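Participant: Quick check, what structure comes out for this input:
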Amino acid sequence: MNQNNETEEVLENIEEIQELESDQEIIGKQRKLKKHTEATLLVKKAKFMVEEAEAQTEACKLLLLSDLQEYEDAKSELAQGGLDECAFLLESLGYKTKSDGTEAMLEDIPVFESKTDIEPIALKEISSGKFTAFIFAIFGGFIAAIALVYLATEKLNVTLDVSKLPSDEMAQNIFTWFSTPLGMHNLYVGIAVFFLAVLFVTGLIYIIRVAIKGSRNLHFANQQLLDAADYTEQKGNCKVEMDRVDAHIKDTISILKIYEVLFNEQKGKLERILYIEGPKIESAEYHKKSFIEIHETKELMRTIKNFISVSMSEEGRLSEQSIVLLDRAKIKKDKILERLY
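Facilitator: Residues are numbered from 1 along each chain as shown. The predicted structure follows:
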C-alpha cells in the first residue's frame, strides 16, 4: 500500500515538473510581454525544487533513525546472545583482561552524529506591482493635470487662485485653450484633449512601473532559482552521504548477526572446556585444541568490540576508521568460518 502511494507521488511529481517546463517554454516566448508571469513560474519551480530536496532529506533522516534502532537492537542481541557469556567464561578460565567484558561496548558512544543541517533557504513570493503602479499612476496623473492647468493659465496670462474654485468662465477658458493646438476653439474638444492627456500620462506611468517591476521580479526569481539549485545540490550531497551510512549500518547489522551465532557456538565450546578441563593457571596446561578455541574467542571479542567502540561518524560523514574496522571484522569472520568449514 505504501509502495503504491510512493509510486503515485513520484508520478505526480514527474507530471508537475513536465508541466512547469512546458509552461516555461511557452512563457519564454512571450518574455517581453509577461515577465511577471515567467518570474512567478520560476519562483514556483524553485519552491518545488526545495520542497523535493527537503522531502528527500527528511526521508533519509527517518531511514537513518530506523537503521540506528536496528543497529542498537542487533548490538543488544549480540551481547545477550553469547558475547556476555563468552566474556564470563573466559574470565572463569583465567583470561580476563582490561579490554575484555562488555564495558567498552556499553559505553555511551554516539553511533552516528549528522553534520549540522544546512541553513534553510527562504524563498519569497513576488508581487506584480500593479497596486503600487496604480497609486503612482493616479498621483502622476494628478500632477500632470495640475501642470496642464498651470500651462494653460500661463498661456492665457491669467492668475489662478488656488484657495478657491475657479469661476465658470475661467474654467471654460482654460479647457477651451486645450483645443487650440488642434486649430479649434471648442470647449468640449478642449476637455477631451485635457482628459486624454492626463489619461495618457497616467497609463504611461502605470505601464512603465509594471514593466520595471516585472524586470526586477524576473531578475529576483532567477536569483532565487539559482539559490534553490545550490541548496538542492547541497541537500543532494547529504542524501548521498546518508545512503552510504545506510549501506554501512545494514552491513554492520549483518555482521553482528553472524558474530552472534559465532559467539553462541563458542560459548558451548568454552563451557565444555571449563567443565571438563577446569580453570588452569598457565595457558599451556590447556589442551591444544582448547587453547585454539579460547584464543579464537578472545580474538573475536577484541575485533567486534574495537569496531563497536568507534563512532561511525567523523565530522558529519561516514568514518573511514569505522569502514576499516568493519572490513577487519569481516576478515576475522571469514577466517573463523574457513576454519570451521
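
Participant: For residue 253, grab phi and psi.
Facilitator: Main-chain dihedrals, residue 253, degrees, to the nearest 10: phi -60, psi -40.

Participant: so it sits right up against residue 71, yeah?
Facilitator: Yes. The pair residue 253 and residue 71 qualifies as a contact (C-beta atoms under 8 Å) at a distance of 5.8 Å. Every residue, glycine included, has its C-beta placed from N, CA and C.

Participant: Now do residue 47 against residue 331, distance only.
Facilitator: 49 Å (C-beta to C-beta, to the nearest Å).

Participant: Show me the domain layout of the chain.
Facilitator: If you go by automatic domain parsing, the domain ranges for the chain are 1-30, 33-112+233-340, 130-219.

Participant: what's the closest of those domains to residue 120?
Facilitator: Proximity to residue 120 (C-beta to C-beta) singles out domain 33-112+233-340 among those, at 8.0 Å.

Participant: circling back to that earlier point, need the least confident one among the domains of the chain, by mean pLDDT.
Facilitator: Comparing mean pLDDT across the domains of the chain, the weakest is domain 1-30, with a mean of 48.

Participant: following whichever strand or helix holds residue 275, which helix or strand comes up?
Facilitator: In this assignment (DSSP states H and E), residue 275 forms part of helix 187-276. Using DSSP H and E, the helix or strand that follows helix 187-276 towards the C-terminus is helix 288-308.

Participant: residues of that next one that come out buried?
Facilitator: Within helix 288-308, the residues scored as buried using 16 or more other C-beta atoms under 10 Å are 290, 293-294, 296-298, 300-301, 303-305, 307-308.

Participant: now stretch 255-264
Facilitator: Residues of stretch 255-264 classed as buried under the neighbour-count rule (16+ other C-beta under 10 Å) are 255-256, 259-260, 262-263.

Participant: Contacts for it next, please.
Facilitator: Identification of contacts with stretch 255-264 by C-beta atoms under 8 Å, 6 or more residues apart in numbering yields 71, 74-75, 77-78, 81-83, 85-86, 297, 300-301, 304, 326, 329-330, 333, 336.

Participant: Just the buried residues from these, in PyMOL please.
Facilitator: To isolate the buried ones among the contacts of stretch 255-264 in PyMOL, judged by 16+ other C-beta under 10 Å, type:
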select buried, resi 71+74+75+78+81+82+83+85+86+297+300+301+304+326+329+330+333+336
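
Participant: could you dump the domains of the chain to TSV with distance to residue 124?
Facilitator: Written out in TSV, the entries for the domains of the chain read as follows (distance: least, C-beta to C-beta, whole Å):
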stretch	distance to residue 124
domain 1-30	19
domain 33-112+233-340	8
domain 130-219	11
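
Participant: and of those, who's closest to residue 121?
Facilitator: domain 33-112+233-340 (5.9 Å).

Participant: now that closest one, how far from the chain's geometric center?
Facilitator: 28 Å (C-alpha atoms, centre = their mean, to the nearest Å).

Participant: same question, stretch 134-152
Facilitator: 51 Å.

Participant: thinking again about what came up before, who has more neighbours, residue 47 and residue 331?
Facilitator: residue 47 (16 against 11; other C-beta atoms under 10 Å).

Participant: Which of the helices or strands spans the more buried one?
Facilitator: Short version, using DSSP H and E: residue 47 is in helix 35-78.

Participant: Counting by contacts, list what that helix packs against.
Facilitator: Where contact means 3 or more C-beta pairs under 8 Å, 6 or more residues apart in numbering; DSSP states H and E, helix 35-78 is packed against helix 2-28, helix 187-276.

Participant: For the closest residue to residue 149 other than its chain neighbours, give me its contacts.
Facilitator: Counting by C-beta to C-beta, 6 or more residues apart in numbering, residue 174 is the residue found nearest to residue 149 once chain neighbours are left out, at 6.2 Å. By C-beta under 8 Å, 6+ apart, the contact list for residue 174 reads 149, 152-153, 156, 166.

Participant: run the last query once more with 10 Å
Facilitator: Residues in contact with residue 174 (C-beta atoms under 10 Å, 6 or more residues apart in numbering) are 148-153, 155-156, 158, 160, 166, 187, 190-191, 194.

Participant: Alpha carbons of whichever helix or strand it is part of, as CSV, please.
Facilitator: Secondary structure assigned from DSSP H and E places residue 174 in helix 168-177. Only the C-alpha atoms of helix 168-177 are listed here, as CSV (Å, rounded to 0.1, in the frame of the first residue of the first chain):
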residue,chain,number,x,y,z
ASP,A,168,-17.2,79.0,-14.7
GLU,A,169,-15.9,81.5,-17.2
MET,A,170,-12.2,80.9,-16.2
ALA,A,171,-12.7,77.1,-16.3
GLN,A,172,-14.2,77.3,-19.7
ASN,A,173,-11.3,79.5,-21.0
ILE,A,174,-8.8,77.1,-19.6
PHE,A,175,-10.4,73.9,-21.0
THR,A,176,-11.1,75.7,-24.4
TRP,A,177,-7.4,76.5,-24.7
